[in-house]
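Trainee: Got a predicted structure here, sequence first:
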Amino acid sequence: MNGQAGSVTDAATGTPGAVVTPLAETATVAGYACQSLKVENDGVTTVYYYSPKVRVNPERYTQHLMGDWYTYLRASNGALPLRFIVTNTKQGFVWTSDANSVQTMLLTAADFTATAPA
């Protein structure tokens, strides 16, 4: 940020008033048949494409409200997005993200341990 300290955002603080709309549009992303839904809030519309086959327990994310993440996970029953399209009319951009592949991986607690740099 041009050498300036940026602001810190609290992930437990969401934006009230998100509207979730299931959509009829489907797509195949990374080999998965996907459903879609739209989350709208404060000038930002995000369309998510997800497969119920790729999911997490949404209740583990109840405090992750930033970007309406928990709102999305609750609406999709924990399905992870394989494609999303964010349209931000306030800041004038569109952002599209697509998964290329999905791989099952066994993770251990050590995979989530951060080590401070020396």
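Mentor: Received the coordinates, thanks.

Trainee: By mean pLDDT, which helix or strand of this structure comes out lowest?
Mentor: Scoring the helices and strands of the chain by mean pLDDT, DSSP states H and E places helix 69-75 at the bottom, with a mean of 93.

Trainee: just checking, what packs against the helix or strand following it?
Mentor: Using DSSP states H and E, the helix or strand that follows helix 69-75 towards the C-terminus is strand 79-88. Using 3 or more Cβ pairs under 8 Å, 6 or more residues apart in numbering; DSSP states H and E, the elements in contact with strand 79-88 are strand 19-29, strand 32-41, strand 44-55, strand 93-98. Placement of C-beta: from N, CA and C, glycine included.

Trainee: Distance to residue 71 added to these, as a markdown table?
Mentor: Shown next, in a markdown table, are those (distance: least, Cβ to Cβ, whole Å):
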| stretch | distance to residue 71 |
| --- | --- |
| strand 19-29 | 6 |
| strand 32-41 | 6 |
| strand 44-55 | 10 |
| strand 93-98 | 18 |
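
Trainee: ok, and what's touching the least confident helix or strand of the chain?
Mentor: Residues outside helix 69-75 that contact it (Cβ atoms under 8 Å, 6 or more residues apart in numbering) are 11, 14, 18, 20, 22, 37, 39, 46, 48, 56, 58, 61-65, 79, 81.

Trainee: Go through it and flag the buried ones.
Mentor: Within helix 69-75, the residues that count as buried by 16 or more other Cβ atoms under 10 Å are 69-73, 75.

Trainee: Restrict that helix to CA atoms and write it as CSV.
Mentor: The C-alpha trace of helix 69-75 is given here as CSV (Å, rounded to 0.1, in the frame of the first residue of the first chain):
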residue,chain,number,x,y,z
TRP,A,69,-18.5,-15.7,4.0
TYR,A,70,-20.6,-17.3,6.7
THR,A,71,-23.8,-16.1,5.0
TYR,A,72,-22.6,-17.9,1.8
LEU,A,73,-21.6,-21.1,3.6
ARG,A,74,-24.9,-21.3,5.5
ALA,A,75,-26.8,-20.7,2.2
